[in-house]
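**Q** Generate coordinates for the sequence data below:
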Amino acid sequence: MKVRLLVTLLLIGVLSLAGCSVLPAGEASNSTVVEYQGNQNIPNLPEGFGLYGSEVEFSGVYAGWNGTVPVTIINGRDKERLFVLSLVQPTTLKEGYEALPKEDYSWVTISETQVTVPAGITYEIPVMLSIPSDVSSSALAGKKYEVGILVEDITQTGFVQIALETKWYIVAGTG
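**A** Numbers count the residues shown, from 1 in each chain. A predicted model of the protein is given here:
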């Protein structure tokens, strides 16, 4: 019990020192670079990086449906970072959901899979969910899928390296 508590506290400390956080979901928009002015709902990070939009749910999707939501990266004021974005299978699934099959990853398009973000900048990367019109409505009806979008800071060095993930929940209509 003491070891588990010590490991948990150590992990929290490392994440705090790295300045990493995952924040609530954002709004859909085009790719933009905005200098953080301190008056938005997005926090101003002194160092490290964070995500705004940790969970996104698409409800009632159907064959031919599409929508776009950005992954918003908040880069701390300490340095420029190079980020790589990719789709990943969830390590744990939300109850009632199944992993989006890898053969259906083509439904999700990340507009920029690699981006350099200057220090102190918030950067939005549009990600589109597009259900092909030839998907069988009966096969899709009632399905609940989950997929992760992994955001890795590949400029990190050292023993501990932090990556953050946003979860997308795709809920099909009932037919």
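
**Q** now the helices for the chain?
**A** For the chain, the helices defined by DSSP state H occupy 2-18, 137-140.

**Q** which of those has the lowest average pLDDT?
**A** Sorting the helices of the chain by mean pLDDT places helix 2-18 lowest, at a mean of 39.

**Q** All the strands of the chain, residue numbers only.
**A** Chain-ordered strands for the chain, with DSSP state E as the definition, fall at 21-23, 32-35, 49-52, 55-61, 66-75, 81-88, 98-99, 108-110, 114-117, 121-130, 144-153, 163-172.

**Q** Touching, residue 69 and residue 52? I think so.
**A** No - taking contacts as CB atoms under 8 Å, residue 69 lies outside contact range of residue 52: 11.0 Å. No exception for glycine: its C-beta is placed from N, CA and C like everyone else's.

**Q** quick one: residue 154 from residue 82, how far?
**A** Using CB to CB, to the nearest Å, one gets 5 Å for the distance from residue 154 to residue 82.

**Q** now do residue 106
**A** Shown here: residue 106 relative to residue 82, a distance of 26 Å by CB to CB.

**Q** The two: who's more crowded?
**A** Neighbour count, other CB atoms under 10 Å: between residue 106 and residue 82, residue 82 has more, with 13 against 10.

**Q** In this structure, where is pLDDT below threshold?
**A** For the chain, applying pLDDT under 70 flags the ranges 1-43, 175.

**Q** hmm, try it at 50
**A** Scanning the chain for pLDDT under 50 picks out 1-39.

**Q** Give me the neighbour count for residue 51.
**A** Here the number of neighbours of residue 51 (other CB under 10 Å) works out to 21.

**Q** thought it was touching residue 70?
**A** No - with contact defined as CB under 8 Å, residue 51 does not reach residue 70; the gap is 10.4 Å.

**Q** Output stretch 63-73 as PDB, nothing but the C-alphas.
**A** Once non-C-alpha atoms are left out, stretch 63-73 reads as follows in PDB (Å, rounded to 0.1, in the frame of the first residue of the first chain):
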ATOM      1  CA  ALA A  63     -23.300   6.600 -43.200                       C
ATOM      2  CA  GLY A  64     -22.300   9.700 -45.000                       C
ATOM      3  CA  TRP A  65     -22.000  11.800 -41.800                       C
ATOM      4  CA  ASN A  66     -19.000  14.100 -41.100                       C
ATOM      5  CA  GLY A  67     -17.800  16.600 -38.600                       C
ATOM      6  CA  THR A  68     -14.700  18.400 -37.500                       C
ATOM      7  CA  VAL A  69     -13.300  19.200 -34.000                       C
ATOM      8  CA  PRO A  70      -9.800  20.500 -33.300                       C
ATOM      9  CA  VAL A  71      -7.200  19.000 -31.000                       C
ATOM     10  CA  THR A  72      -5.900  22.100 -29.200                       C
ATOM     11  CA  ILE A  73      -2.300  22.000 -28.000                       C
END
